[in-house]
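Visitor: any chance you can model this:
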Amino acid sequence: MKKIFFTAFILSVSLVNMCAQIEWRNDRTGIYAKETGLLKSWPKNGPEMLWYYDGLGDGHSSVAISNHKIYATGMIDQKGYLHVFDLNGNVLNKIEYGAEWTGGYDGTRATPTIHDGKIYIMSGLGDLICLDEKTLNVIWKRNILTDFDAKSPPAGISESPLVFGDKVIATPGGVMHNIVALDKNTGKLIWSGRGKDTVTSYCAPLYIGDLETPLVVTQTAEHIIGVEASTGKLLWSFENKNTNAIHGNTPIYADNMILVSSAGQGSTMLQLSDGGRRAEIAWTLPELDNVMGGIVKLGNYIYGSGAGGRNRAWYCVDWKTGKIQYSERESGLAVGVIISANGMLYCYSDKGEMALVRPTPEKFDIVSRFKVEKGTDQHFAHPSIYQGVLYVRHGDSLIAYKIK
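Guide: Reported below is the predicted structural model:
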């Protein structure tokens, strides 16, 4: 009997492990909560490089991981390709999925989303493609700009598809079809919401399911909007403008509060009430004007970087009050992307330096740092962590570092 129980236990653990999936910023929070036993400091030259691959093509998208396979997109000769790797860096497959963005900062943008045996890819040109995870055959494909009478933002579509229940959410930004829910299996329209009729703006939306009225929250060119997840009905909105209409960060949710941050405008904290049907501004913080590097919440504090002019610093801010705990620019670490795992911060600067930082409201406490030498062009892609390995995409290259 004990042997049967043990076998069943091992099988259940294996099945959970097999189903582990990493999408945009893990689960859109930027926190890799299942990672344990990671190094608390790195050697002088950085953690061991396990492998690297040159040949992804142009792009700034992050990797997705499902069933021990790594998925990464890149543009080669103006065409988008999905690369599939095993955990040792061997290429298992490579397929073309269509034209990609060539209008500046060329290449792929959105991170693929893998859900219920299907892969969802959003191209910079607005093609939303659903593939079978096993065969990589196209199940359905449609363009969210042409199909919903919408205009592309200046730097191309950048939102990673949001999937929950039977729906995949996209934000075309059209007047009649501002935000839409499509059937994840067929691509057919389930609902369409007018939002505030403003152009889409690079934000991967967030689903909040633990409210009396579940929400989809996102940022468009001029507004923060909260819509009813089941119908697309606009429940609340707040004007949120900046010079270039860049709103590249997925909102952060906890404790009935939603934090949004964007370039120039800074950060805004919303307080929800009436089961999610109402919201009001709790505080604002112009200094924390994060362009697209993400913010993480650990305990009672949020960590991230500013990016505009005098605000190019790393910040720690009180979640409840918006009070700045520190603003740090003396370390020499340029601003950039932030994620967290196993109680530490991983800060990837836009100058290509990776830093391991101890989270504390007292100071920006860098423990270790190293330069990412491989790759090309901008250091925009958000790193990912899976089973003790740090995956860094830098343009044409994907690099795997052992951090456990």
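Visitor: for the rest of this, base every contact and every neighbour count on C-alpha atoms.
Guide: Noted.
Visitor: alpha carbons only: can I get stretch 94-113 in PDB?
Guide: Only the C-alpha atoms of stretch 94-113 are listed here, as PDB (Å, rounded to 0.1, in the frame of the first residue of the first chain):
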ATOM      1  CA  LYS A  94      11.500  26.200 -36.200                       C
ATOM      2  CA  ILE A  95       8.500  27.400 -38.200                       C
ATOM      3  CA  GLU A  96       7.600  30.600 -40.000                       C
ATOM      4  CA  TYR A  97       4.300  32.300 -38.900                       C
ATOM      5  CA  GLY A  98       4.200  35.400 -41.200                       C
ATOM      6  CA  ALA A  99       5.500  38.900 -41.700                       C
ATOM      7  CA  GLU A 100       6.900  40.800 -38.700                       C
ATOM      8  CA  TRP A 101       7.500  44.400 -37.600                       C
ATOM      9  CA  THR A 102      10.000  46.500 -39.600                       C
ATOM     10  CA  GLY A 103       9.000  50.000 -38.600                       C
ATOM     11  CA  GLY A 104      11.800  50.800 -36.100                       C
ATOM     12  CA  TYR A 105      13.300  48.700 -33.300                       C
ATOM     13  CA  ASP A 106      12.600  45.900 -35.800                       C
ATOM     14  CA  GLY A 107      11.500  42.400 -34.800                       C
ATOM     15  CA  THR A 108       9.200  40.500 -32.500                       C
ATOM     16  CA  ARG A 109       7.600  42.100 -29.500                       C
ATOM     17  CA  ALA A 110       5.000  40.000 -27.700                       C
ATOM     18  CA  THR A 111       5.800  36.900 -25.700                       C
ATOM     19  CA  PRO A 112       3.900  33.800 -26.800                       C
ATOM     20  CA  THR A 113       1.200  32.500 -24.500                       C
END
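Visitor: who touches it?
Guide: With contacts defined as C-alpha atoms under 8 Å, 6 or more residues apart in numbering, stretch 94-113 is touched by 23-24, 57-64, 71-75, 78-84, 119-125, 129, 136, 155-163.
Visitor: for stretch 125-140, same thing?
Guide: 95, 97, 99-101, 114, 117-122, 141-145, 152, 156-157, 185-187.
Visitor: average model confidence for it?
Guide: Averaging pLDDT along stretch 125-140 gives 98.
Visitor: and if you look at stretch 318-328?
Guide: On average, stretch 318-328 scores 97.
Visitor: next, the buried residues of it.
Guide: Using 16 or more other C-alpha atoms under 10 Å as the test for burial, stretch 318-328 gives 318-319, 322, 324-328.
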